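Peer 1: coords please:
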Amino acid sequence: MFEQFSWQSWIGLGVAVVIAVVVVLVIVGIVTVAVRAASRRYPGLHESLGGVRRRARIMLGIVGIWIAVSLTLPAPDWRPLIDQGFRILAIAAGAFLLAGVMGLLIDRALTRYPIDVPDNRVARRVRTQVMILQRLGLAIIVLLAVGSILLTFPEVQTVGASLLASAGVATIVAGLAAQSTLAAVFAGMQLAFSDAIRVDDVVVANGEWGRIEEITLTYVVLRTWDERHVVLPSTYFTSTPFENWTRQGSALTGAILFDLDWRVDTGQLRTQLDVVLAETELFDGRVANVQVTDATGGFVSVRVLVSASDAGRLWDLRCLVREKLVEWLQKSGPAGLPRNRVMMVEQEPIPRSAPRTRATADTAAQSGFFSGTPEAEARGNDFTGAITMPNPTARA
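Peer 2: Numbers count the residues shown, from 1 in each chain. From the prediction side, this is the model:
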């Protein structure tokens, strides 16, 4: 029976495929045991390699089965088509594995830069740059994989050779057509390495206050305080002024403004501010001050300055201080509450008009419409004289 066995048969093909699968499983088992043994010295190694191990198994399985089929396929006419299919699968699996290895290395590197610490400016800058590089690396891997797959077809190789002659013109046309896209890509690279914004930065952009949640090659995602997501193009941050509240550090100083009465006791107001700040953990101890910034009209403008370790705590601290000081003014310092004052005065006597002299009367008579001339007097008599009423009885 075994003397008639031939590897170049369908049975030999099946046996070869089974052997290839077993060899792959043995290799995977050996690597798994070695990784588990290394995990005793380096905790978490086995879990962190989970994604890469799965991708490596796919790659080894494709290569092993490809070798088995190539050596034992009994139909030579099918060999070019099957080799082409396995070649495409191997290139795609290799790109998939390479992307996983790159992601693993980046994740291991970022563990050294946690962002859940008070002073995380350097960590946020590194994470921003690494995330941009990771996306750029993935784009390059995909492009190389697609190009390699296309080059496996002889027809594409012939067309590619003819296209090289017109590559200059095609590049110019493509550059003009994708000008806005390329500008966004270059803007994303500029943001990654200029350190203008970083992931988790607090910014005010396009009239919105929020944190930078994601930075890509073409756009930036801003998560606002009310959980909305504002997507802005990368070119916005390279061509439009915006506020970055965590550019050098997360600590900030905020102001609370009051319009109070002139009788307000600023000394007691400062004392009450110290009491309020002493009872809260939001205050970082850097700035606490009460200043009278203006005193015009009927009010005194008072500015209270406080500081906190980050923007979120500063907002809560400002609201707390405003609430406590208003409560204190209502209960203990009512003299400082704003008032509108009205001055009441007695009514002044109205002066009598000057007596009319004869010269004034003569002047008025000369210029009057019903006096001054015989014609005017006649008109006056017509309007002011007695009116004769008709007698209905006499008419009857």
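Peer 1: in contact with R135, which residues?
Peer 2: By Cβ atoms under 8 Å, 6 or more residues apart in numbering, the contact set of R135 is T216, L217. Where you see a C-beta, it was placed from the backbone N, CA and C, and this is true even at glycine.
Peer 1: helices of the stretch 151-300 of the chain, residue ranges please.
Peer 2: Along the stretch 151-300 of the chain, counting by DSSP state H, counting those that start in this stretch, helices occupy 154-163, 167-177, 179-194, 234-239, 266-278.
Peer 1: go through the longest one and flag the buried ones.
Peer 2: In this case it means helix 179-194. Neighbour counts using 16 or more other Cβ atoms under 10 Å place A183, A184, V185, A187, G188, M189, L191, A192 of helix 179-194 among the buried residues.
Peer 1: residues contacting stretch 228-248, please?
Peer 2: 121, 124, 183-185, 187-188, 190-191, 196-198, 200-206, 208, 210, 213, 215-224, 252, 310-311.
Peer 1: now that stretch, how far from the centre of its chain.
Peer 2: Stretch 228-248 sits 7 Å away from the centroid of its parent chain (Cα atoms, centre = their mean, to the nearest Å).
Peer 1: cool, and stretch 128-145?
Peer 2: Taking mean C-alpha positions (Cα atoms, centre = their mean), stretch 128-145 and its chain are 22 Å apart.
Peer 1: mind telling me what element G103 is part of?
Peer 2: Take DSSP states H and E as the rule and G103 turns out to sit in helix 79-110.
Peer 1: now for that helix, which elements pack on it?
Peer 2: On a contact count with 3 or more Cβ pairs under 8 Å, 6 or more residues apart in numbering; DSSP states H and E, helix 79-110 meets helix 45-48, helix 50-72, helix 121-151.
Peer 1: got the contact list for the residue nearest to the spatial centre of the chain?
Peer 2: Residue closest to the mean C-alpha point of the chain, counted by Cα atoms, centre = their mean, is L222 at 1.5 Å. Contact analysis of L222 by Cβ under 8 Å, 6+ apart lists V203, A205, N206, E208, G210, R211, I212, E213, H229, V230, V231, L232.
Peer 1: recalculate using a threshold of 6 Å.
Peer 2: Residues near L222 by Cβ atoms under 6 Å, 6 or more residues apart in numbering: G210, V230.
Peer 1: go on, D259?
Peer 2: When contacts are counted by Cβ under 6 Å, 6+ apart, D259 is found next to F299, P338.
Peer 1: now for V26, how many residues are close by?
Peer 2: 10 (other Cβ atoms under 10 Å).
Peer 1: can you tell me how far it is from P154?
Peer 2: In this view, V26 and P154 are 37 Å apart by Cβ to Cβ, to the nearest Å.
Peer 1: give me the number of residues near L277?
Peer 2: Applying other Cβ under 10 Å, we find 19 residues neighbouring L277.
Peer 1: does it touch F283 like I think?
Peer 2: Yes: with contact defined as Cβ atoms under 6 Å, L277 and F283 form a contacting pair (4.4 Å).
Peer 1: rewinding a little: give the PyMOL command for selecting the buried subset of the contacts of stretch 228-248.
Peer 2: The buried subset of the contacts of stretch 228-248, as determined by 16+ other Cβ under 10 Å, is captured in PyMOL by this line:
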select buried, resi 121+124+183+184+185+187+188+191+196+197+198+200+201+202+203+205+208+210+213+215+216+217+218+219+220+221+222+223+252+310+311
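Peer 1: mark which of the contacts of stretch 228-248 are part of strands, please.
Peer 2: Using DSSP state E, the subset of the contacts of stretch 228-248 located in strands is 202-205, 208, 210, 213, 215, 219-224, 252.
Peer 1: and the residues you listed, which two are furthest apart?
Peer 2: Across the ones in strands among the contacts of stretch 228-248, no pair lies farther apart than Y219 and L252, at 26.8 Å, counting by Cβ to Cβ.
Peer 1: isn't M59 up against A93?
Peer 2: Yes: judged on Cβ under 6 Å, M59 makes contact with A93 at a distance of 4.4 Å.
Peer 1: could you check how far A295 is from L260?
Peer 2: A295 is 10 Å from L260, by Cβ to Cβ.
Peer 1: what of L105?
Peer 2: Relative to L260, L105 is positioned 60 Å away (Cβ to Cβ).
Peer 1: quick revisit: now the buried residues of helix 179-194 as TSV including distance to A75 and pLDDT?
Peer 2: Output for the buried residues of helix 179-194, formatted as TSV (distance: Cβ to Cβ, whole Å; pLDDT from 0 to 100):
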residue	distance to A75	pLDDT
A183	54	74
A184	51	72
V185	48	73
A187	55	79
G188	51	76
M189	51	76
L191	56	79
A192	53	72
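Peer 1: in JSON lines: those residues, plus distance to P241.
Peer 2: What follows is the buried residues of helix 179-194, written out as JSON lines (distance: Cβ to Cβ, whole Å):
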{"residue": "A183", "distance to P241": "18"}
{"residue": "A184", "distance to P241": "19"}
{"residue": "V185", "distance to P241": "22"}
{"residue": "A187", "distance to P241": "15"}
{"residue": "G188", "distance to P241": "19"}
{"residue": "M189", "distance to P241": "20"}
{"residue": "L191", "distance to P241": "15"}
{"residue": "A192", "distance to P241": "20"}
